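Visitor: predicted model follows, preceded by the sequence.
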Amino acid sequence: MQRNEARRKVEQLRRTIREHNRRYYVDNAATISDGEFDGLMAELAALEERFPQLDDPESPTHRVGGEPLAAFRTVAHSRPMLSLQNTYSAEEVRRFDERTRRLLGEEGPLAYVVELKIDGIAVALRYERGHFALGLTRGDGTQGDDVTANLRTIRSLPLVLSAEAAPIPERVELRAEVYFPRAAFAALNARRREAGLGLFANPRNAAAGTLKLLDPRLATERHLALFAYQLLDAPELGIENHGAALERMRAWGLPVNPHVRRAAGIDEAMALCEQWESRRRDLPYDTDGLVLKLARLTWHASLGATSKVPRWGIAYKFETDRAQTRILRVDWQVGRTGAVTPVAVLEPVQILGTTVKRATLHNADEIARLDARLGDRVTIEKGGEIIPKVVEVHREARTGEQRPLGPPQRCPVCSERLEREAGAVAIRCVNEHCPAQLKRRILHFASRGGLEIEGLGAALVEQLVDHGMVHDVADLFALTTEELARLERMGPRSAANLRAALEASRRPSLARYLHALGIRHVGARAARLLAEAYPLLHDLAAADPEALASLPEIGPTIAASVHRYFARPESRQLLARLEQAGIIPRPIAKTAEPSSLAGLTFVLTGTLPNWSREEAGQHIIARGGRVAATLSGKTNYLIAGENPGSKLAKAEAAGIPVLDETGLRDLLSRGPSGD
Ligand SMILES: [Zn+2]
């Protein structure tokens, strides 16, 4: 091949490749397969190697140029790089809108451009005569690190802007968000796991880590991506609104997020925010909110910025049920069935408006799977459960001071050896008389889901067991007012009240009674189903496991557990003693269908007058409903108490029915149809 012919071919290939890059990254509409694209790249690379004089640093084959750096150069930003004010509160966004209208002296609604807030790393980019010249991190906002070499490895970042649709000024400055697509992030961590390297906690951390790599050759394997979101000096180019500025960048071949929308006013903008709260999970990258920017750029200019934040926009962040914190200590707790479970004691952290200090680690296997250690930085999730859980350990944040967490060999309360059943994950204290188990059993027996014995709290149960006054739940009913009055923090009056509460609890419904007994695998719902099928306790006790397992929703596990419970001599003795003490369960009256809330999703917020949120949640679950932590398109009801926070406003805006505790109680007793 002659040199001239080669030159023509090389130029044509570079144009074709740039065009395909653009279709792929900017228009989201690839017209050739990845294999065909790789073929074009290989052809170009081969020609460049054969004709070195045709080489060009901006060729698509040269995403990586130069040697590893010793350190990053610090460069001043041409304009301060501020981040927008952000909030979790829809009300605050509306206040921002009101304030801004006042400042601008506008009577009518303000138009906004609403963009997804990509959870990545903001960078400043500069193009000179259409060529990518400089890329800086935010740094302290005044100056940032020169990460040009790493940015060049991002395939969606054009090294040369396209002048086809719009002329390119001498110098273009813009802001963009560099992010890790979820799939690329998962692949990166998989490779690192295989290589025995520390894992990145989340795509954002991985993006930050990649931009700070001193060797750009490593960055090129990571497949970062980016979206341009702000064009500086747009008014100087005759562009009057932010949406048009985004379009201009797209015309130059810069990737702009396709989900940008214009909103005619704050109501429309907030409606978009609501939509994304659930839709965002379907995106192939992480987002942590939406950004509302005033559409008209003249407004940007007249509003300017405070010393910290621009006045022309606000970020509305999604509520998240996760947070990062540190494990200070692990407590091994003995449950009422003897299971010994690890609970992480945490550096206090706020999630959804509450302070979280403890999170469950479930069991020793889970600790091993997570490789959780004392002092580890962890992500915890509140979810719909009662106790938040540790979902992730940030091994990359280890300092060397973290210490492994072995399961204890002996019960932390009674010092008996712990056992592990074959095939089970829990370790168990099998001492029938373990005080920790007894205390838990009594508390469960007296709880609101059980016999609802008012005044029998944890401090009292401690004393009753520690003083040897109670050895099983039947002993509770033999306690005299005089005995109770001698206990700490108990006067004659509280003793009399407790005595009366014990008397009042002698006729529980069979459903409550079964639940109170604490039979393994029998929660409130199963207890109710069993009580409906067997109105008399004696019939249930005599039922064989096959008959039990044939009941709706009662599987073989529950059936076997119930059968085993009633077959044990210890249980039969206890039931006989309870009967002697005058505890006679009564058959239940059907109030509502047990699964009257099946298929419905509830979110709870604020403080309810009588129930804790957990209790309310248990009642919902017992009726077959579901409890979620955050509002979404699937939420059917918001249950709101005192100080409901931003969820109430969001639910109202989204038209989700809101109930107070009374409304919830009605729903629980009647079912949603109202009959
Ligand atoms: Zn024990």
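Guide: All right, it came through fine.
Visitor: all strands of the stretch 301-450 of the chain, in order?
Guide: 313-317, 322-334, 339-351, 354-360, 373-374, 377-381, 389-393, 403-404, 418-420, 427-429 (DSSP state E, counting those that start in this stretch).
Visitor: identify whichever of these lies nearest to residue 410.
Guide: Shortest distance between residue 410 and those, using CB to CB, is found for strand 418-420: 6.3 Å. Yep, even glycine has a C-beta here, placed from its N, CA and C like the rest.
Visitor: now that closest one: buried residues?
Guide: residue 418 (16 or more other CB atoms under 10 Å).
Visitor: quick one: stretch 424-433 to chain centroid distance?
Guide: Taking CA atoms, centre = their mean, to the nearest Å, one finds stretch 424-433 lying 32 Å from the centre of the chain it belongs to.
Visitor: next, the buried residues of it.
Guide: Buried residues in stretch 424-433 (16+ other CB under 10 Å): 426-429, 431.
Visitor: dump those residues to a markdown table, plus pLDDT and distance to residue 445.
Guide: As requested, these are arranged in a markdown table below (pLDDT from 0 to 100; distance: CB to CB, whole Å):
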| residue | pLDDT | distance to residue 445 |
| --- | --- | --- |
| 426 | 79 | 21 |
| 427 | 88 | 24 |
| 428 | 90 | 20 |
| 429 | 93 | 19 |
| 431 | 91 | 19 |
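Visitor: which among these gets closest to the ion?
Guide: residue 429 (3.3 Å; CB to the ion).
Visitor: tell me how far the residue lying closest to that closest one once chain neighbours are set aside lies from the ion.
Guide: Once flanking residues are discounted, residue 429 sits nearest to residue 411: 3.9 Å by CB to CB, 6 or more residues apart in numbering. Remark: distance between residue 411 and the ion (CB to the ion, to the nearest Å) = 3 Å.
Visitor: and residue 411, what pLDDT?
Guide: Per-residue pLDDT puts residue 411 at 94.
Visitor: quick one, what contacts it?
Guide: Going by CB atoms under 8 Å, 6 or more residues apart in numbering, residue 411 touches 334, 340, 417-418, 429, 431, 434, 436.
Visitor: which bits of the stretch 401-550 of the chain sit near the ion?
Guide: Residues of the stretch 401-550 of the chain lying near the ion by CB under 5 Å from the ion: 411, 413-414, 429, 431, 434.
Visitor: indicate the residue of the stretch 451-600 of the chain located nearest to the ion.
Guide: residue 465 (12.2 Å).
Visitor: that residue against residue 437, yeah?
Guide: No. Residue 465 is beyond contact range of residue 437, at 9.9 Å (criterion: CB atoms under 8 Å).
Visitor: so between the two, which is more surrounded?
Guide: With neighbours defined as other CB atoms under 10 Å, residue 465 and residue 437 compare such that residue 437 has more, 25 against 19.
Visitor: test my guess that that one contacts residue 337.
Guide: Yes. Residue 437 is in contact with residue 337 according to CB under 8 Å; the separation is 7.3 Å.
Visitor: what about the strands in the stretch 51-200 of the chain?
Guide: Counting by DSSP E, counting those that start in this stretch, the strands of the stretch 51-200 of the chain are 74-76, 85-87, 112-118, 121-128, 131-137, 143-145, 171-179.
Visitor: for the first one, which strands pair with it and how are they oriented?
Guide: If I follow you right, that is strand 74-76. strand 143-145 (antiparallel) (DSSP bridges).
Visitor: buried ones in stretch 124-131?
Guide: 124-127, 130.
Visitor: no, scratch that, I was asking about stretch 40-49
Guide: 40-41, 44, 47-48.
Visitor: among those residues, which are located in strands?
Guide: Using DSSP state E, no member of the buried residues of stretch 40-49 sits in strands.
Visitor: in space, what's closest to residue 45 - neighbours in sequence excluded?
Guide: Residue 45's closest residue in space is residue 61 (CB to CB, 6+ apart), at 4.8 Å.
Visitor: next up, the contacts around the one you found.
Guide: Neighbours of residue 61 in contact, by CB under 8 Å, 6+ apart: 41, 44-45, 48.
Visitor: wait, which of those residues is closest to residue 57?
Guide: Once CB to CB is applied, the member of the contacts of residue 61 that ends up nearest residue 57 is residue 48, at 11.2 Å.
Visitor: closest to residue 562 among the buried residues of stretch 40-49?
Guide: residue 41 (66.1 Å).
Visitor: my guess is residue 379 contacts residue 320. True?
Guide: No. Here residue 379 does not reach residue 320: they are 10.2 Å apart, not a contact under CB under 8 Å.
Visitor: which single residue of the stretch 251-400 of the chain ends up nearest the ion?
Guide: residue 334 (5.4 Å).
Visitor: find the nearest non-adjacent residue to that residue, please.
Guide: In space, residue 334 comes closest to residue 436 once its chain neighbours are excluded; the distance is 3.6 Å by CB to CB, 6+ apart.
Visitor: and what of residue 641?
Guide: Excluding the flanking residues, the one nearest residue 641 by CB to CB, 6+ apart is residue 606, at 3.6 Å.
Visitor: number of residues surrounding the one you found?
Guide: 18.
Visitor: and residue 262, which helix or strand is it part of?
Guide: Element membership for residue 262, per DSSP states H and E: strand 261-263.
Visitor: okay, buried residues for that strand please.
Guide: 261, 263.
Visitor: just checking, what packs against the helix or strand just after that strand?
Guide: Following strand 261-263 in sequence order, the next helix or strand is helix 266-279 (DSSP H and E). Contacting helix 266-279 under the criterion 3 or more CB pairs under 8 Å, 6 or more residues apart in numbering; DSSP states H and E are the following elements: helix 90-104, strand 112-118, strand 261-263, strand 287-294, helix 646-654.
Visitor: of the ones you listed, which is nearest residue 217?
Guide: Nearest to residue 217 among those is strand 112-118 (25.7 Å), distances taken as CB to CB.
Visitor: average pLDDT across the strand holding residue 262?
Guide: On average, the pLDDT along strand 261-263 is 96.
Visitor: can you list contacts of that strand?
Guide: Taking CB under 8 Å, 6+ apart as the rule, strand 261-263 contacts 111-114, 243, 269, 271-272, 292, 295.
Visitor: out of these, who's the most crowded?
Guide: Each of the contacts of strand 261-263 was scored for neighbours by other CB under 10 Å, and residue 112 scores highest at 30 neighbours.
Visitor: doesn't residue 294 make contact with that one?
Guide: Yes. Under the criterion of CB under 8 Å, residue 112 makes contact with residue 294 at 6.3 Å.
Visitor: that older thread, looking at the strands of the stretch 51-200 of the chain, spot the one closest to the ion.
Guide: Per CB to the ion, nearest to the ion of the strands of the stretch 51-200 of the chain: strand 85-87, 48.6 Å.
Visitor: in its sheet, what does that closest one sit against?
Guide: Short version: by DSSP bridges, strand 85-87 pairs with strand 313-317 (parallel).
Visitor: what's the spacing between the partner strand and its chain's center?
Guide: The answer for strand 313-317 is 19 Å, by CA atoms, centre = their mean.
Visitor: neighbours of residue 82, how many?
Guide: If you count neighbours by other CB under 10 Å, residue 82 ends up with 15.
Visitor: could I get the pLDDT score of it?
Guide: 89.
Visitor: contact partners for it?
Guide: 141, 305, 308-310.
Visitor: pick out the lowest-pLDDT one from these.
Guide: residue 308 (80).
Visitor: ok, for it, nearest residue in space, not its chain neighbours?
Guide: Residue 308's closest residue in space is residue 82 (CB to CB, 6+ apart), at 6.8 Å.
Visitor: burial of residue 545, as a residue count?
Guide: 16.
Visitor: brain fart, residue 564
Guide: 13.
Visitor: most neighbours out of the contacts of residue 82, which is it?
Guide: That'd be residue 310 among the contacts of residue 82, by other CB under 10 Å, with 19 neighbours.
Visitor: the nearest residue in space to that one that is not next to it in sequence and residue 102, how far apart?
Guide: Excluding the flanking residues, the one nearest residue 310 by CB to CB, 6+ apart is residue 82, at 5.6 Å. The gap separating residue 82 from residue 102 is 22 Å, by CB to CB, to the nearest Å.
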